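K.L.:
Provided below for reference: sequence and predicted model.
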Amino acid sequence: MSIKTTSYYRDRYVRHLPTSFCTGCGNGMILNSFVRAVDELGVDLEKILSVSGIGCSAWIPSPHFNSDTLHVTHGRAIPFATGAKIFNNELTTVVFTGDGDGAGIGGNHLIHAARRNIDITTILVNNFSYAMTGGQVAPTTLLGLKTLTSPYGNLERPFDLCKLMQAAGATYVARWTTYHIRELRRSIMAALKNKGFSFVEVLSQCPIQQRRLFNLRPSDQLDMSSQILEMFKESTYIRHMPREENYFYIVPKGELSLSRRKVSNILSENSVEYKIGEVDRLFFGRILKVECRNIESFKKSLNLVKRFAKIGKVLRSRSGKIGLGVFVSKSSKEFTDSMREISAFEKGVEV
Ligand SMILES: Cc1ncc(C[n+]2csc(CCOP(=O)(O)OP(=O)(O)O)c2C)c(N)n1
Ligand SMILES: [Mg+2]
């Protein structure tokens, strides 16, 4: 058995050009997951077409991926991909898009492609903003987040894109983050195999714009990236996994260090085995996490904190988190097949 090295993937699938991504950007990780999915499926590079619009995420295939790519106008990757797929349905057609490109300016195309169930895989990079142009508010920016164009906090509720795609008729829908790259690769494989409209949302880090967005203060960009990845891990849960009941969070009302000391004192005085730490969560910023050894100490500490500490909001393990996993995986009539049946019928050909 031969081990595939990084240079195997790089030489075969990636154009040898300087990267166009900033240090610590999630787009390289998404390209990596995509390349590995394509390799594992053995997709012929001559028969794969990537289409992307405008934005940083649109640069994942073009210029980096070593096959045919169309780099088109803002928000219009799906219409171009639709045309290509109708003309040549042998193609594995993949759209790379951002949350602004795919759900903002191109949002209408996205829902109609899902409604038609056309055989296109769309990988949407959700970095919660229009990153390339300076971090403006996007249709996925979380409520209350400060961006360049929402300096007092975002007033609009974000789309849940997976629910939107599910409702519109997509036949494969999944969401992961750049922290979950193995699961992401598996979902990209399932999406590429699905005959119909597939949608994979990836929550991704942008160490440039998310500094302001998430109010982060690390010393350098690589620290920032790992901090955001930790934040993704702490702010999400995998839907099909059993709920974990050995930890909870506290969103303190006042100063974090004071609350931490108060909780530690109460738990230590009552001889509970626990670990307390500070974590970053997408909706709440920096908060406290109390991890216990087992379910008994979990119940005891939760009770003690609620009864005696009363220092703010207590969150159970899944509360306020974003669900990850596969939302839809089903089969349904595909659009270009239906078109071919009509044209064959008109020509009197049996299909
Ligand atoms: C018609 C048009 N309108 C606006 C722009 C400016 N513009 C370039 S990239 C971009 C935002 C892209 O955001 P997103 O799709 O989220 O990509 P990201 O950079 O965040 O990956 C905008 C508005 C443009 N290039 N063309
Ligand atoms: Mg974006």
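P.N.:
Cool, the structure landed. Numbering: from 1, shown residues only. Ligands and ions are numbered 1, 2, ... in the order given.

K.L.:
from now on I want contacts and neighbour counts done on CA atoms only, so please keep to that.
P.N.:
Noted.

K.L.:
could you measure from Ile340 over to Asn88?
P.N.:
No, residue 340 isn't Ile; it's Arg. Counting by C-alpha to C-alpha, to the nearest Å, the gap from Arg340 to Asn88 is 11 Å.

K.L.:
same question, Lys146
P.N.:
The gap separating Lys146 from Asn88 is 44 Å, by C-alpha to C-alpha.

K.L.:
equivalent analysis for Gly277, please.
P.N.:
To Asn88, Gly277 is 55 Å away according to C-alpha to C-alpha.

K.L.:
interface residues of this structure facing ligand 2?
P.N.:
Gly98, Asp99, Asn127, Ser129, Tyr130 (C-alpha under 5 Å from the ion).

K.L.:
nearest residue to the first one other than its sequence neighbours?
P.N.:
Which is Gly98. Nearest residue to Gly98, sequence neighbours excluded (C-alpha to C-alpha, 6 or more residues apart in numbering): Val125, at 4.7 Å.

K.L.:
cool, the third one as well?
P.N.:
Using C-alpha to C-alpha, 6+ apart and skipping the chain neighbours, the partner closest in space to Asn127 is Ser204 (5.0 Å).

K.L.:
quick one: the helices in this structure, in order.
P.N.:
Assigned helices in the chain, in chain order: 6-13, 27-41, 77-87, 99, 107-116, 161-168, 181-193, 210-213, 221-234, 256-269, 295-304, 335-347 (criterion: DSSP state H).

K.L.:
rebuild those as TSV, extending it with mean pLDDT and mean neighbour count.
P.N.:
TSV is the format used below for those (pLDDT from 0 to 100; neighbours: other C-alpha atoms under 10 Å):
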stretch	mean pLDDT	mean neighbour count
helix 6-13	96	13
helix 27-41	98	20
helix 77-87	97	20
helix 99	98	30
helix 107-116	98	20
helix 161-168	98	18
helix 181-193	98	21
helix 210-213	92	19
helix 221-234	93	19
helix 256-269	93	16
helix 295-304	92	17
helix 335-347	89	14
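
K.L.:
out of the ones you listed, which gets nearest to Leu70?
P.N.:
Leu70 lies closest to helix 77-87 among these, at 8.2 Å (C-alpha to C-alpha).

K.L.:
tell me which other helices or strands the closest one touches.
P.N.:
The contact analysis (3 or more C-alpha pairs under 8 Å, 6 or more residues apart in numbering; DSSP states H and E) places helix 77-87 against strand 48-52, strand 92-98, helix 107-116, strand 120-126.

K.L.:
what is the orientation angle of it with helix 107-116?
P.N.:
Interaxial angle of helix 77-87 relative to helix 107-116 (axes from the mean of the first three to the mean of the last three C-alpha atoms, to 10 degrees): 40 degrees.

K.L.:
helix 77-87 near ligand 1 at all?
P.N.:
No: legend: contact between helix 77-87 and ligand 1 by C-alpha under 6 Å from any ligand atom is lacking; minimum distance shown is 11.0 Å.
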